[in-house]
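# Task: produce atomic coordinates for the following.
(one chain, ligands or ions: 1)
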Amino acid sequence: MKKTFLILIAAVNFLIMGCQNGNKQEAATETKKDTAISNPTLIANANDFKDSLDGKAISLVYLTNKSGVQVAITNYGARLISLIVPDKNGKLTDVIVGSDKMVEFKSGKEGYFGAVVGRYANRIGHASFVLDGKKYSLAANNGPNSLHGGLKGFASVVWTINSQNDSSVQLSYASKDGEEGYPGNLTAKVRYTLSSSNELKIDYEATTDKKTVVNLTNHSYFNLNGQGSGSILQHTLQLNADHYTPVDSTLIPTGNIDAVAGTPFDFTKPTVIGSRIGEDNIQLKYGKGYDQNFVLNPSKNGELNFAARVTGDQSGIVMEVYTKEPGIQFYTGNFMQGAHTIKGGKKDDYRTAFCLETQHYPDSPNKPKFPSTILEPGKTYATSTVYKFSK
Ligand code: GLA
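As a prediction, the model looks like this:
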């Protein structure tokens, strides 16, 4: 009896000590997180994301590395909210354009700042496609076409945070069969990882229980001179693309794959973004500037492929993009109209950001010659993109 009692006391003590250690470890992690955010005035504030939507809690998480790069990500649309990197003089610079307050996202019409867009990024012509003889109709939310997943795409839903530490966060979203018109229950997973060499890697994964189409991207708006610092037209861009997919007047690819040589779409050598944007070119007219998909020159091994290099003319900040995707949408913020309040109370003025959205080509479900975007049950959609920063 006495022996059992002693064993019981020992067990209780062991449990109490375990809990205390656990608490200590938690406290240590908390302290580390607090001190890691060394520039709280520059990075988005977690309190501005304490909210909920459709009964799901919204929050903000931080990634940091030893070189001073700091990233803020919210599970609302799996969005990149802040990305702070040093410029050529060591000045910490936030290169992500958009709001840093949940309240703005809730009231805004432009849903894509920093977001993961899906189930199908970019456009599907006439808001419909046919799969195995069955026609699927989507919401026409961009003229006659469907854009970025429809009325309530992946950018406008609350994702679940599955796991998180100082360098990585994984989020998931379960999209129901028939949601926004797409077939199949689709589970999408996105992992953001910040490396010690200033790369932000985004790994995407998806599985389905019915044949469907998938095309995921990140729709961050960048200004490498710093968000809110004015036009991006003096940035320099290089694209690893000898071809692009020209579009019709509603920005749906014609199906042709044209050479960029001799056109304002030739960025094979570093070129100032604004140097040809005003040229008398029908594609630039349709896009109101650059808003086309570039066909990336294939990589030798099918792994992460160099896609783009951009340099901020004032900051000297260089962003390189690597991807496993076959295409990249280069968009110069032609639809930005100062209609939204962004960080620091500023407005999202015309062409004050650019996007480089790695992707499969727009309207692939209706273009049998384009690389396929079909996902079958039992298969896993898996792709990755890296944004690497240097100065
Ligand atoms: C993509 C599209 C553009 C525009 C933006 C969001 O880049 O190609 O036409 O819709 O998204 O405004």
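
# Setting the sequence-adjacent residues aside, check what's closest to the closest residue to the ligand within the chain.
Here the chain gets closest to the ligand at one residue, residue 331, 3.6 Å apart by C-beta to the nearest ligand atom. C-beta: built from backbone N, CA, C; applies to glycine. Nearest residue to residue 331, sequence neighbours excluded (C-beta to C-beta, 6 or more residues apart in numbering): residue 355, at 4.3 Å.

# wouldn't residue 299 be in contact with residue 307 here?
No: the criterion here is C-beta atoms under 8 Å, and residue 299 misses it with residue 307 at 9.5 Å.

# Compare the two and say which one has the larger neighbour count.
With neighbours defined as other C-beta atoms under 10 Å, residue 299 and residue 307 compare such that residue 307 has more, 26 against 16.

# Contacts only, for the more buried one.
Shown in contact with residue 307 (C-beta atoms under 8 Å, 6 or more residues apart in numbering): 239, 240, 241, 296, 321, 322, 323, 325, 328, 356, 358.

# Ends of stretch 157-174, what's the gap?
End-to-end distance of stretch 157-174: 10 Å, with C-alpha to C-alpha, to the nearest Å as the criterion.

# Any regions of the stretch 1-150 of the chain where pLDDT drops low?
Scanning the stretch 1-150 of the chain for pLDDT under 70 picks out the ranges 1-40, 109-110.

# Let me know the secondary structure of the residue nearest to residue 331.
strand (DSSP: H, G, I helix; E, B strand; the rest coil).

# for the one 10 residues further on, same thing?
Put simply, residue 365 is helix when judged by three-state DSSP.

# Surely it is in contact with residue 127?
No: between residue 365 and residue 127 there is no contact under C-beta under 8 Å: 11.1 Å.

# Could you export the contacts of residue 307 to TSV, including columns for distance to residue 152 and pLDDT?
TSV is the format used below for these (distance: C-beta to C-beta, whole Å; pLDDT from 0 to 100):
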residue	distance to residue 152	pLDDT
239	32	99
240	34	98
241	32	98
296	30	98
321	28	98
322	31	98
323	26	98
325	24	97
328	26	98
356	25	99
358	23	98
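
# rewinding a little: report pLDDT for the residue of the chain closest to the ligand.
Here, the pLDDT recorded for residue 331 equals 98.

# Do I have it right that residue 363 meets residue 252?
Yes: contact status for residue 363 versus residue 252: in contact at 5.2 Å, counting by C-beta under 8 Å.

# and for those two, which residues touch both?
123, 125.

# Give me the more crowded residue out of those two.
Taking neighbours as other C-beta under 10 Å, residue 363 and residue 252 compare with residue 363 leading, 26 against 23.

# I'd like to know how far that one sits from residue 285.
Look at residue 363 and residue 285: by C-beta to C-beta, to the nearest Å, they are 20 Å apart.

# go on, residue 235?
Going from residue 235 to residue 285 by C-beta to C-beta gives 22 Å.

# Which of these two has more residues huddled nearby?
Neighbours per residue (other C-beta under 10 Å) separate residue 235 from residue 285, with residue 235 holding more: 23 against 11.

# got a list of what that one touches?
Applying C-beta under 8 Å, 6+ apart, we find residue 235 in contact with 224, 225, 272, 273, 310, 311, 312, 313, 354.

# Chain neighbours aside, what residue packs nearest to it?
Among residues not flanking residue 235 along the chain, residue 273 sits closest, at 5.1 Å (C-beta to C-beta, 6+ apart).

# The one you found: how many residues sit nearby?
Counted with other C-beta under 10 Å, the neighbours of residue 273 add up to 22.

# Quick check: pLDDT value at it.
pLDDT for residue 273: 98.
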